[in-house]
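Engineer: Task: produce atomic coordinates for the following.
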Amino acid sequence: MLENSNNLVVVWNRLIESHVLEGRDAEDRAERPGGAGDRFFVNGDLRNQSTSSQWNTDDAELHLLGGIQHLLSAIGEDRGINFDGFDNNFGWGTLTLDRADQLSLEGDGALYVRQLNLLGGLSQISSIIGNNHNIYYDLGNPAKEV
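Structural biologist: Predicted coordinates for the structure are as follows:
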């Protein structure tokens, strides 16, 4: 699990600022963030500048919390409504937006999420600002909470 009290910035596959890394070896995690069972809790912004083919958050969880407006980089290639968009494309297994939180996307791409959890319910969609970015999530996922 990666916990952070401020912002998470990823540059050249390295996690920077002060973070607590648990699970796999911390140096390995900095090179290849994410994986099945990994959970990222961010009460700030997540700005991803990585271009690494080693990026692997397809099965990881991202939890945005703290009751604030979050900025999230959408850097995945927009492959449209296609399951190929989830593979090796800076996607997330689960994105959870806490009840009082808002989300604004930045970057040059799309965001692919297998499970999108809006803890404030369907009306929370209005708190997401896409800025001309698409968010794709798996409608067939029985665990979805949108």
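Engineer: Would you agree residue 124 falls within a helix?
Structural biologist: Yes - counting by DSSP: H, G, I helix; E, B strand; the rest coil, residue 124 is found in a helix.
Engineer: How about it: what's its closest non-neighbour residue?
Structural biologist: Take residue 124 and drop its neighbours on the chain: the residue closest to it by CB to CB, 6 or more residues apart in numbering is residue 118, 4.1 Å away. The way it works is simple: take the backbone N, C-alpha and C, and place the C-beta from them, glycine included.
Engineer: I'd say residue 94 and residue 137 touch.
Structural biologist: No - using CB atoms under 8 Å, residue 94 is not in contact with residue 137; the gap is 9.7 Å.
Engineer: quick one, helices of this protein?
Structural biologist: 26-31 (DSSP state H).
Engineer: Any stretches of it with poor pLDDT?
Structural biologist: Low-confidence segments of the chain (pLDDT under 70): 1-34, 53, 142-146.
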